[in-house]
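Undergrad: Generate a structure from the sequence data that follows.
(3 chains)
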Amino acid sequence: MSTATITPELIVQHQLSESEYRKIVSILNREPTYTELGIFSVMWSEHCSYKSSRLHLKKLPTGGARVLQGPGENAGIVDIGGGYAIAFKIESHNHPSFIEPFQGAATGVGGILRDIFTMGARPIAVMDSLRFGRPDDPVSGARNRRILDGVVSGIAHYGNCFGVPTVGGECLFEPCYDGNPLVNVFALGIFPKDQIFYARASGAGNPVIYVGAKTGRDGIHGASMASAEFSEESKQKRPNVQVGDPFMEKLLLEACLEAMRTGAIVGIQDMGAAGLTCSTCEMGSRGGVGVEIDLRHVPQRETGMSPYEIMLSESQERMLLVAEKGREEEVFAVFRKWGLDAVTIGQVTGDGLLRVKDHGRVVAEIPNRELADEAPLYDRPHSQPLRRAPMEAPVFGGGDPGEDLAAILASPDVASKRWIWQQYDYMVRTNTVAGPGGDAAIVRIKETGASIAMSLDGNPRFCYLSPREGARLNVAECCRNLSTVGALPVAATNCLNFGNPERPEIMAQLVESIEGMAEACRFFETPITGGNVSLYNETLGEGIYPTPVVGVVGLMKTTQPVTIDFKSEGRAILLLGGLGDCDETRFGGTQYAKVVVKELWGLPPALDMEYEKCVHAAAREIVAEGLAESAHDLSDGGLAVALAESSFGPAGIGADITVESRLRPELLLFHEGPSRILLSSAEPGRVARIAERHSVELVRLGETVRGRIEVRNREVVLISDEIGRFQRGWEGALEEYVR
Amino acid sequence: MRFGVIVFPGSNCDHDAWYAVQNNLGQPAEFIWHRSPSLGQVDAVILPGGFSYGDYLRCGAIAKFSPVMEAVRRFAAAGGPVLGICNGFQILVETGLLPGALMRNAGLRFVCKRVRLRVETTRSPFTSEAEKGQVLTFPVAHGECRYVADERTLDELEAEDRVALRYLDNPNGSLRDIAGILNRERNVMGLMPHPERVTEPLMGSNDGLTIFRSMAAAFALAR
Amino acid sequence: MKARVFVSFKTTVLDPQGQTVQSALNGLGYHGVAGVRQGKYFEIALSDGLSPEEARRQIDAMARDVLANPVIEEYRFELIE
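TA: Next up is the predicted model:
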C-alpha cells in the first residue's frame, strides 16, 4: 500500500482530533493511507458516528411489543397487524439546504426515501418539519424567503416526481434560523412483515453489487461538512453540492422492490452520507464479515476520479447490495429492465476487513467493525442549558383581544401553510384520508383496512426555555394530535437539531432534551425506533434554539376522518380537558408573547402527563363512537386560535361561547397549556359521560353559529366579529410574506 | 370490459388508475409495460399520470417514442377508447393524437387542489353518463398543465364540440379554461385533472367514477 | 445591442435531464451521441447607447447574480450587434 505522508494539517483538515488519529493508527497498526484517512474522517464524523450524542441516546426507550426493528438500521420497523409492517424515520438535511435550498431539500427527501425502500418497504407518505428565519425581517427577510421558497420547491420537485404524497408537516420561523434553516424530512413505508430486508452482508464469496446512478465528485465531505459550523469558508465547499434525480430514484425504487422479490438478495443498503464507504463497512460490520471491492468496476460519471474521491462521493440515487452467489443474473435482469446500471464491484469475505482496491492495488484495508462501530465516544461536559431569556414576565396585555387574535392568526407561525402544501402532491396513491392542514395526517393501508396517523412537532421556544419540559411537551402534543383524529400512538422517531456540542451549555440542551423526550416516550408508550442527530447548527457562533423534533405514528381503523372545522350550526362546543390553568411565567413561550408582546420569558406551559394521557384516551373513544363532528387540539395560540381555525371550514360555521374563568383575558384566550381538545358534537351528553369515565374535565363552552366568532368571559365580551375578519389574514399571510 | 394501464418509467398514478378501475368501477385492469409492442386483449387504454422520464426535456416528449405508443396509435385509429390523464394527456398531445400543448402553469408553481369542472359535452364515451353542464370536482396535481393552442384550433375544438371539460376556477391559466379535450373521432380524451383520485367516499367523493362508468356504458352499448 | 446568455450545470454537477435525454437518443438509434448537457438560453435586448464595456460588465453581473445559480451552474455570454 502506498503511504502518503499524513501531516498534522491534513488531519486537522479532516476534522479529526489528535487522539482520534492515534486511535486510527492503533487500529491499523500503521499510519493510514490518504484514502483511509478520508474513510475514517467521514465514518467518525459527528454525522455518521453520533460520537457526542450516542451516550445519551441510549436513554431513549426503543423497544416494545410492536417494534420489529429499533435504531441501528436504515429505519425503524413497527408491526401494524394484518401481516403488515411500517418502516419510518425522520432525517435532517439542514446544512445542504442552507448552501443550496432547492437541491439540498430535494436530496434530503431522496435520502430518507431510500432509507425506507432499501428495507423493502414502499414509501407511502412524507412529512416535513421546517424552520426558517423570519420572512419579514428587515435585514435577512429576503434571504429567508428565498431559502423558504427554494426548500419548498425542492421538496415538491422530488416528492411529486417520485410519486409519494407529502401529507403534512410543520413550519416555524425564528430569527435564530436566519443563517441555519432546518429541513427535517420524515418518510414512512409499508411492506408485508415477512419481507423485510436488512443492511447486512453475509456469506463469504457472495457478490457485492452496485446499482443506480453513476458516481461523480458530488458532495465529497458532505458528512464532515454537516458536522462543522458554518463559516465564510464553507462557501468554498460549494462546488460539491449534489443534484437530486427523482426520476432515477423512482426507477431505483421499482427495480429494488422487484429485485427483492427474486429472493436472490441477501442484504441491501443505500449510499447516503459517506456513500460507498458507509454502505460497505456498515454492511460488513452488521454481518460480521469482510467486504472487498475494486473501484475499477464502480460506474463513474467523471474521468480521473481518485480512490479517495470515489469512496467519499455522495452522489445520490445509488444502492449497494449483496446477492446470492450464482444468482446475480436474476438481479441484473431486473435492473436492466428498468434501464439502471448494476455491476458486481466485489465480494463478501470472511476476514472482517473492508478492502478497497483500485485496479487490483490495495488502497485501503480497515477492520469493518472498528471503523463502523468503534468510533470515538465522547461524554462531553454539560452545564446549565443556555438561556438568555428572563424568568420574570414583562408588563403586558390590555389590548383588544380581537386585534390580538387577528395578529396572531396572520403571523408566520400560525398562518395557514396552504401556500406550502398546495405545492406538494398530497394525494397520489389515493390513500390520503386526511392530508395537510389537520392535526394529524392519516394514510390508509388498502391491504389491511387499517390507517396510519402521523404527526410531527418541535416547539423551539418551549425547548429554549426548558429543553426538558419542551421535549416532553413535543411528545405530548404529537400524541394528542393523533388521539384527536382517533389514532392510538404506537411509536416515534426523532430528529435532534442543536448547536455546537463542544459548548457545555449547548450540550446541556441536548442532554436535557433527550432525557425529557425519553421520559415522555416511555410514558406515552411510543418508543423511538430510529432517528437522526444534527449538531453544529450554528453560524458565526450563533446557535439555533434547541430543536428536538419528534414524529409519532399511530394506528386506527380506516374510516371517514374527523376534521378540525365546524360542520353545522347549533352543535355544542366542548373543551375536553378543561380551560386549563396558566400563570404569567408559564405564558412566556406562547405565540401571544411572541407576536403581541414580542418577548420570550419564563417557562413553557406545565404538563401533567397522567392527565394528558387520560385526555387522549377519552378523545379516542369519543372519535371512535362517532360523537365528534369536529375535533382540534389546542396548541399554538391556545383556545382563541383553535376556535378561529375550527371556524375556517367550507361551511362558514363559527362559534358563540361564554366561559367562566378567573384568568385575565390574554391568559384565558391565548395560553398554550396542553391536555385540551376542542370538539363540536350533536350529543354532548354522551361525550360528557365518556369524559367522566376517563376522569377528564369537559367544559361546555357554547354552540356553533353561522358566520361569527363570539367569545365572552361571563358577561364581558372579549371577541365579537365576523369569521372573515380573522380568516383573510390567516389564509393569505404566508403568501403575502413570500411574494 | 378490460382496461390496460400503460406503465412508463416514471409513471406514478398507474396504480391509482388500476385501483379505480379494478376496485371502484369493478372492471378488470392490467398493466402494460411501455416496451410492449402490443396492447394484448384490452378494450380501453389509460395513459396514467406521473412524470414519465422525469418530465425531462418536455413533459411526455420522451414517452412518445416508447414502443407501446405505436400500438396505442393503432388502437386509437381503430376506434378504441384512449384516456390520457395528466401526464397521459401530455403524452397524447406530444404524440399528436390530440391538438395543442401543455405549458408551465401560469402561477409557475406545482399546484395540488380540488377544482370544479363543468361537463361541456356528453357526446363522448368518457362523459356520456354525465349531464351537460354538470359540475364535477376532481383534484389537480400538476406543474405544467396550462393548455394552449392557436386561435384556429381553439375555435375548431369548440365548433366541433370537442371541449369535454372546462375549469370553473382555472388553476393554471389554460386558454378558454380548457381542462379536457377530445379528438375529432371522439374516442381519445386527454384531461389534466385526476378522475381516478375521486372514485370512492374515502377519497372525498365519487365524482371521478362518472368518467369510468361512461367508458363502461359506451363499451356495453357498442357490443 | 443584444446579449445571449447560456446557463448550464457545471461540468462536475450531475445533469439528470441531459442524462435522460442522452439515453433516449441512444435508444432511438442515435449511437453517435456520447453525452448531452441541458441548459437555459436567454436573449437580452440592451438599451441603445450602452457601451460594449458597460454592457459586458452588466451582463456578467446579472448572469452571475440572477440568471445562474453559482452554487451549481456556470454561464457564458456573447454580445451581438
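Undergrad: use CA for all of it now, contacts and neighbours both
TA: Fine.
Undergrad: Could you tell me how far residue A:436 is located from chain B?
TA: The spacing between residue A:436 and chain B, counted by CA to the nearest CA, to the nearest Å, is 11 Å.
Undergrad: Check which helix or strand the residue of the stretch 201-350 of chain A found nearest chain B maps to.
TA: With CA to the nearest CA as the measure, residue A:247 is the residue of the stretch 201-350 of chain A nearest to chain B, at 4.7 Å. Using DSSP states H and E, residue A:247 falls within helix A:246-261.
Undergrad: one step back: and the nearest residue to the residue of the stretch 201-350 of chain A closest to chain B once chain neighbours are set aside, what does it touch?
TA: Distance criterion CA to CA, 6 or more residues apart in numbering or on different chains; nearest residue to residue A:247, sequence neighbours excluded, is residue B:54 at 4.7 Å. The contact partners of residue B:54, taken as CA atoms under 8 Å, 6 or more residues apart in numbering or on different chains, are A:161, A:246-248, B:10, C:17.
Undergrad: okay, those in JSON lines with neighbour count and pLDDT next?
TA: JSON lines is the format used below for the contacts of residue B:54 (neighbours: other CA atoms under 10 Å in any protein chain shown; pLDDT from 0 to 100):
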{"residue": "A:161", "neighbour count": "26", "pLDDT": "97"}
{"residue": "A:246", "neighbour count": "27", "pLDDT": "96"}
{"residue": "A:247", "neighbour count": "26", "pLDDT": "96"}
{"residue": "A:248", "neighbour count": "25", "pLDDT": "96"}
{"residue": "B:10", "neighbour count": "25", "pLDDT": "96"}
{"residue": "C:17", "neighbour count": "20", "pLDDT": "88"}
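Undergrad: nearest to residue A:630, of those residues?
TA: residue A:161 (33.6 Å; CA to CA).
Undergrad: give the contact list for residue A:272.
TA: Shown in contact with residue A:272 (CA under 8 Å, 6+ apart): A:111, A:278-279, A:314, A:316.
Undergrad: List the buried residues in whichever helix or strand residue B:217 is part of.
TA: Using DSSP H and E, residue B:217 sits within helix B:209-222. Within helix B:209-222, the residues scored as buried using 16 or more other CA atoms under 10 Å in any protein chain shown are B:209-216, B:218-219.
Undergrad: Could you identify the helix or strand that succeeds the helix or strand hosting residue B:158?
TA: Assigned by DSSP H and E, residue B:158 belongs to helix B:151-159. For helix B:151-159, the succeeding helix or strand toward the C-terminus, using DSSP H and E, is strand B:163-167.
Undergrad: Show me what the next helix-or-strand element following that following strand packs onto, helices and strands only.
TA: Sequence-wise, the next helix or strand downstream of strand B:163-167 (DSSP H and E) is strand B:178-182. With contacts defined as 3 or more CA pairs under 8 Å, 6 or more residues apart in numbering or on different chains; DSSP states H and E, the packing partners of strand B:178-182 are strand B:163-167, strand B:188-191.
Undergrad: Reformat the ones you listed as a markdown table; add mean neighbour count.
TA: Listed next are the helices and strands packed on strand B:178-182 as a markdown table, based on neighbours: other CA atoms under 10 Å in any protein chain shown:
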| stretch | mean neighbour count |
| --- | --- |
| strand B:163-167 | 25 |
| strand B:188-191 | 26 |
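Undergrad: Select, out of the ones you listed, the one closest to residue B:149.
TA: strand B:163-167 (12.6 Å).
Undergrad: still on that earlier bit, tell me what angle the helix holding residue B:158 forms with strand B:163-167.
TA: Counting by axes from the mean of the first three to the mean of the last three CA atoms, to 10 degrees, helix B:151-159 lies at 100 degrees to strand B:163-167.
Undergrad: can you list contacts of helix B:151-159?
TA: So helix B:151-159 is contacted by B:99-100, B:163, B:181 (CA under 8 Å, 6+ apart).
Undergrad: who are the neighbours in contact with residue B:92?
TA: For residue B:92, counting by CA under 8 Å, 6+ apart, the contacting residues are B:60, B:64, B:84, B:98, B:190.
Undergrad: And it, what's its pLDDT?
TA: Listed pLDDT for residue B:92 reads 97.
Undergrad: what's the next secondary structure element after the one helix or strand it maps to?
TA: According to DSSP H and E, residue B:92 maps onto helix B:87-95. Later in the chain than helix B:87-95, the nearest helix or strand by DSSP H and E is strand B:101-103.
Undergrad: Off-centre distance for that following strand?
TA: 14 Å (CA atoms, centre = their mean, to the nearest Å).
Undergrad: Return the list of strands paired to it, each annotated with direction.
TA: strand B:146-148 (antiparallel) (DSSP bridges).
Undergrad: Show me which parts of the partner strand are buried, residue by residue.
TA: Buried positions in strand B:146-148, judged by neighbour count with 16+ other CA under 10 Å: B:146-148.
Undergrad: Show me which of those is closest to chain A.
TA: Of all the buried residues of strand B:146-148, residue B:146 has the smallest distance to chain A: 15.9 Å, by CA to the nearest CA.
Undergrad: Just to check, the closest one is in contact with residue B:102?
TA: Yes. The pair residue B:146 / residue B:102 is scored as a contact, 5.1 Å apart, by CA atoms under 8 Å.
Undergrad: Tell me which entries of the contacts of residue A:272 lie within helices.
TA: A:111, A:278-279 (DSSP state H).
Undergrad: Enumerate the residues of chain C near chain B.
TA: C:17, C:20-21, C:24, C:28 (CA under 8 Å from any CA of the partner chain).
Undergrad: Please list the residues outside the least confident helix or strand in chain B by mean pLDDT that contact it.
TA: Lowest on mean pLDDT, DSSP states H and E among the helices and strands of chain B sits strand B:101-103, with a mean of 93. With contact meaning CA under 8 Å, 6+ apart, strand B:101-103 is reached by B:90, B:93-94, B:144-149.
Undergrad: Tabulate these (a markdown table), appending distance to residue A:129.
TA: Putting the contacts of strand B:101-103 into a markdown table (distance: CA to CA, whole Å) gives the following:
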| residue | distance to residue A:129 |
| --- | --- |
| B:90 | 33 |
| B:93 | 38 |
| B:94 | 38 |
| B:144 | 27 |
| B:145 | 29 |
| B:146 | 31 |
| B:147 | 35 |
| B:148 | 37 |
| B:149 | 41 |
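Undergrad: Tell me the one of those residues nearest chain C?
TA: residue B:94 (15.2 Å).
Undergrad: Quick check: that closest one touching residue B:60?
TA: Yes. Between residue B:94 and residue B:60 there is a contact at 6.2 Å, judged by CA under 8 Å.
Undergrad: now the strands for the stretch 51-200 of chain A?
TA: In the stretch 51-200 of chain A, the segments counted as strands under DSSP state E, counting those that start in this stretch are A:67-69, A:76-81, A:84-92, A:122-132, A:166-173, A:182-192.
Undergrad: Any idea which of these gets closest to residue A:220?
TA: Relative to residue A:220, the nearest member of the strands of the stretch 51-200 of chain A by CA to CA is strand A:84-92, separated by 17.8 Å.
Undergrad: ok, for residue A:171, nearest residue in space, not its chain neighbours?
TA: Using CA to CA, 6+ apart, the nearest residue to residue A:171 is residue A:130, at 4.6 Å.
Undergrad: give me the number of residues near residue A:19?
TA: 10 (other CA atoms under 10 Å in any protein chain shown).
Undergrad: Can you read off the pLDDT for it?
TA: In this model, residue A:19 is scored at 94, pLDDT.
Undergrad: which element is it on?
TA: Using DSSP H and E, residue A:19 falls in helix A:18-28.
Undergrad: Pull out the buried residues from that helix.
TA: A:20-21, A:24, A:27.
Undergrad: and if you look at stretch A:416-423?
TA: Under 16+ other CA under 10 Å, the buried positions of stretch A:416-423 are A:416-417, A:419-423.
Undergrad: filter those residues down to the ones close to chain B.
TA: Within the buried residues of stretch A:416-423, those near chain B by CA under 8 Å from any CA are A:422-423.
Undergrad: out of the buried residues of stretch A:416-423, which one sits closest to chain C?
TA: Of these, the one sitting nearest to chain C (CA to the nearest CA) turns out to be residue A:423, at 21.5 Å.
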